[in-house]
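Q: how would this look folded up:
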Amino acid sequence: VQLQASGGGSVQSGGSLRLSCVASGSIFSINDIAWYRQAPGEQRELVAEIISGSTPNYADSVKGRFTMSRGDDYYTYWLQMNNLRPEDTAVYYCSMSIRPANSKWPEDYWGQGTQVTVSS
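A: Next comes the predicted model:
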């Protein structure tokens, strides 16, 4: 099982980016999905999450600007980021709790991170 995150880039303040996270491999089920970010010198923080198929939860700092959704297939998740601010600059990571096809239990998987840079 692997996660591939992509879609980062450099934008000006007020701009938009859409990140994607694609799971691949022998997957029985995907349970929880989350996006995190880590700015230089800062701890990794939760940005948005979907727990057991519920509606997304968002960090206060991104509410109203970021939207997390599932793609048309079962394995792709998006993070639409609008009205970006310089303080959104960070490496963004996706994480999924996935039960592999050959396992009875879910495991946590992480994507490799994608850089988002917002200039003022």
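Q: just say helix, strand or coil for V22.
A: strand (DSSP: H, G, I helix; E, B strand; the rest coil).
Q: show me what contacts it?
A: Applying C-beta atoms under 8 Å, 6 or more residues apart in numbering to V22 gives the contacts L3, Q4, S6, Y75, T76. (Each C-beta comes from the backbone N, C-alpha and C, glycine too.)
Q: how many other residues sit next to the second one?
A: What it means is Q4. For Q4, the neighbour count with other C-beta atoms under 10 Å is 15.
Q: for it, helix, strand, or coil?
A: Per three-state DSSP, the local secondary structure of Q4 is strand.
Q: coming back round to it: between the contacts of V22, which is nearest C94?
A: In terms of C-beta to C-beta, no member of the contacts of V22 lies closer to C94 than L3, at 5.8 Å.
Q: enumerate every residue touching C21.
A: When the contact criterion is C-beta under 8 Å, 6+ apart, the partners of C21 are L3, Q4, A5, I33, W35, T76, Y77, W78, L79, C94, M96, G111.
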